[in-house]
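1. my questions concern the predicted model and sequence given below.
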Amino acid sequence: MRQSKTLKICANHLVLPAMSVQEHAGNEKSCVWHATDFADGELKDELFCIRFASIENCKTFMEMFQEVAESQESKGENEDATVAADALEKLSVEEKKTEENAGEEAAAATKNEETKADTDKEDKPAPST
């Protein structure tokens, strides 16, 4: 959010599921909320207050703020689920590769033993009678 005349950044924060906006005591056209702000280039806990020209605009802002906060909650859950699913998929793929490698190594070892046995038979002199 920027100031209207100077365009200076006055609010730069995420809207998180735990945040709530409330009507300012004594003024139906104003509302307040807490957030960790980065407008000045460093993170600080701030109390924000905004005043609107009409009560309707204030109510609309509060409703939209809560809607965004709630949507972030479901988005966060979906992202967590996706990350967990990806991690599980990688684990199962790596296990399959390990099993395949073990099978290939066992087959290669068997072939090596057979080749060695064949080579040993050829190297031995034929028994004399």
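-> Yes, it's here. Computed from a prediction, not measured in an experiment: that's the story for all the values here.
2. now the helices for this protein?
-> Using DSSP state H, the helices of the chain run over 55-123.
3. where does the chain dip in pLDDT?
-> 75-81, 85-86, 88-89, 92-129 (pLDDT under 70).
4. swap the cut-off to 90 and go again
-> Along the chain, the model assigns pLDDT under 90 to residues 1, 3-4, 10-12, 14, 16-20, 26, 39-42, 70-129.
5. any idea how far L7 is from C58?
-> C58 sits 23 Å away from L7, going by Cβ to Cβ, to the nearest Å. Bear in mind the C-beta positions are built from the backbone N, C-alpha and C, glycine included.
6. comparing the two, which residue is more hemmed in?
-> Remark: of C58 and L7, C58 carries more neighbours, 21 against 8, as counted by other Cβ atoms under 10 Å.
7. measure the more buried one to Q66 for me?
-> On the measure of Cβ to Cβ, C58 and Q66 end up 13 Å apart.
8. and the closest residue in space to E70 that isn't next to it in sequence, what does it touch?
-> In space, and not counting its chain neighbours, E70 is closest to P17: 6.9 Å by Cβ to Cβ, 6 or more residues apart in numbering. Applying Cβ atoms under 8 Å, 6 or more residues apart in numbering, we find P17 in contact with 69-70, 72-73, 76.
9. brilliant, that's me finished.
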